[in-house]
Structures are given as C-alpha cells and as structure tokens.
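**Q** with the input below, show me the fold.
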Amino acid sequence: MRTLLLGLVIIGLLVGIGLDKGWWSIPPAWNPWAPLRVAAPVTPVTRWKLARLEDDPQACRAVLATVPDAQLRYSVLADHTPVAGCPLTDVLRLHRAGVAFDRSFIARCPLAVSWLLYERHRLQPVAREVFGQPVVAVEHFGSFACRNIYAREQGRRSDHAAAAALDVAAFRLADGRRVSVRRDWGDDGPAGRFLRRAQRGACGLFGTVLGPDYNAAHADHFHLGRRGTGICR
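**A** Numbers count the residues shown, from 1 in each chain. Model prediction:
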C-alpha cells in the first residue's frame, strides 16, 4: 500500500511539473480549468464545467459568445420577479438556437448552454443517423412556471420556477415531418428510435431528464432540467 501511494504521489508530481514546464498539455475539452466551448467535444469534464456556470453569470455569457450569431439569437434580461416567490436571475430570452422554436422562452443562462450542447452533440447527430436529415424546429410547453414540483401545494420548487427547465413536445425535420413525444413514443419505427435516443442523449448535459416512461405527467414531453444529479428516466 505504501509503495502504491508513493507511486501515485510521484506520478502526480511529474504530471504537475510537466504541465508547469509546458512539456505536455491537456486538450481544452479535458482540461477542467479551460473555458467551456459549445463546439468542443463533450467529455466527462463537460458536466463539471456546466455546474460551475450556475454561480458564474459572466462565464456563462462568455460561453454563449463563442457561438456564431447565425446559430443563436437571444436577449439578455435583467434579474426580476415576474411572480411573487419566484425571482429570476441570470436569465435571457432564447429566440432561436441552431433550431427554430415555436415560440421564444425565458431560460437561465446555464439552461441555454445545456440546450446548445445537447442540440449540437446529441440531438442533431441522432436525427441525421436515423432520418438522414437534421431537426430544424422544436415545439415546447415552456420553461418558466412559478410552482412546486407537480404543482403540489407543498414541497420544493420545480426547476420551472427558476426558468431552469424546458419541456420539449415535438421535433420538426427538414422535410417537414413532425415527430411527437405523445404520438410517437413507443413506436417501433424510426420516430420511436429517434425519440428514445434523443432522450438518452440529453442525460449528462441536463441534471434531470424525464420522459413518458417516468410517469403519466410526462406522457407528452421531455422534461430537460438543469438541477439534479444525473436523473435520467
């Protein structure tokens, strides 16, 4: 055991010295201290970088600034309290990303970043693999709702109370085809396969991902929430 610990210490020292001297470098996507970029590959470090954005609005806006204007349109909003008991901080109104939305929505900055990563690295690759074409539009049920989870009178606040979650109902493909969570979940064909892979792909980029298999309340949408510790059901 002592030999193993000594070996680990020596390796750690060599790695530290090597990085300090510039003998080698960590690829930015794997470097915990390198700024998060939407275009960079998703790695196990990505989730940690996303978590750091929760308390760093400036860093979060810097991530958005790395996305070309043609792929992102949003308006920064001042902190405000639209409904008593549900203050909103570090929020923006997302008008479009790489996809169009059926309507704009309010989102905390980290939610917007999670969506951009999901769209680029998970959603579109799956769409192209299954259908041979991209998703061009997304329909949703909204992001902000000042309520507790499941609209209960008692209990903790929902992610929606902080505009930290988006409920996605359907996807529109380039050829005009519409893939609906309510209608196509469980389908044995391409639409069903796409939805299952699209849901699984969101896991790890959002803290909580819920779909029709979770409960009846989610029969018609995917809940993509920032908070949580990797719930994927």
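**Q** mind giving me the domain ranges of this structure?
**A** By the record's domain assignment, the chain is partitioned as 1-27, 56-232 (automatic domain parsing).
**Q** for the ones you listed, which one sits closest to Trp48?
**A** Evaluated over the domains of the chain, closeness to Trp48 peaks at domain 56-232, with 11.2 Å, by C-beta to C-beta. (C-beta placed from N, C-alpha, C; glycine too.)
**Q** quick check: mean pLDDT of that closest one?
**A** Regarding domain 56-232, the rounded mean pLDDT is 92.
**Q** centre of the chain to that domain, how far?
**A** 7 Å (C-alpha atoms, centre = their mean, to the nearest Å).
**Q** what about it, start to end distance?
**A** Across its full length, domain 56-232 reaches 26 Å end to end, with C-alpha to C-alpha, to the nearest Å as the criterion.
**Q** from now on call the first residue 10
**A** In the new count, where the first residue is 10, that last one comes out as domain 65-241.
**Q** out of the domains of the chain, which one sits most buried?
**A** domain 65-241 (a mean of 18; mean count of other C-beta atoms under 10 Å).
**Q** gap between the two ends of stretch 125-145?
**A** Counting by C-alpha to C-alpha, you get 14 Å between the two ends of stretch 125-145.
**Q** ditto for stretch 74-88
**A** 20 Å.
**Q** cool, and stretch 88-108?
**A** Across stretch 88-108, the straight-line distance between its terminal residues is 26 Å, by C-alpha to C-alpha.
**Q** so what touches that stretch?
**A** Residues outside stretch 88-108 that contact it (C-beta atoms under 8 Å, 6 or more residues apart in numbering) are 66, 69, 80-86, 110, 113-119, 121, 124-125, 128-129, 133, 144-147, 153, 155, 166, 170-172.
**Q** out of those residues, which sit inside strands?
**A** By the criterion of DSSP state E, membership of the contacts of stretch 88-108 in strands covers 82-85, 110, 113-117, 144-147.
**Q** how close does the most centrally placed residue in the chain get to Ala173?
**A** In the chain, the C-alpha closest to the average C-alpha coordinate belongs to Ser123, at a distance of 2.5 Å (C-alpha atoms, centre = their mean). When distances are taken as C-beta to C-beta, to the nearest Å, Ser123 and Ala173 turn out to be 9 Å apart.
**Q** which neighbours do the two have in common?
**A** Both Ser123 and Ala173 are in contact with Arg235, where contact means C-beta under 8 Å, 6+ apart.
**Q** can you give me the strands for the protein?
**A** Counting by DSSP E, the segments of the chain that form strands are 82-85, 89-92, 95-97, 100-105, 109-117, 144-151, 174-182, 187-189, 217-219, 231-234, 240-241.
**Q** re the thing from before, the residue nearest to the centre of the chain contacts Phe215, doesn't it?
**A** Yes. With the criterion set as C-beta atoms under 8 Å, Ser123 and Phe215 qualify as a contacting pair; they are 5.3 Å apart.
**Q** contact partners for Asp168?
**A** For Asp168, the contact set (C-beta under 8 Å, 6+ apart) comprises 174, 217, 232, 234-237.
**Q** same list (those residues) but as TSV, adding distance to Trp194.
**A** Below are the contacts of Asp168 laid out as TSV (distance: C-beta to C-beta, whole Å):
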residue	distance to Trp194
Ala174	19
Thr217	18
His232	13
Gly234	19
Arg235	23
Arg236	24
Gly237	21
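**Q** out of the residues you listed, who's nearest Ala38?
**A** The shortest approach to Ala38 among the contacts of Asp168 belongs to Arg235, at 20.6 Å (C-beta to C-beta).
**Q** look up how far Glu148 lies from that closest one.
**A** Arg235 sits at a distance of 20 Å from Glu148 (criterion: C-beta to C-beta).
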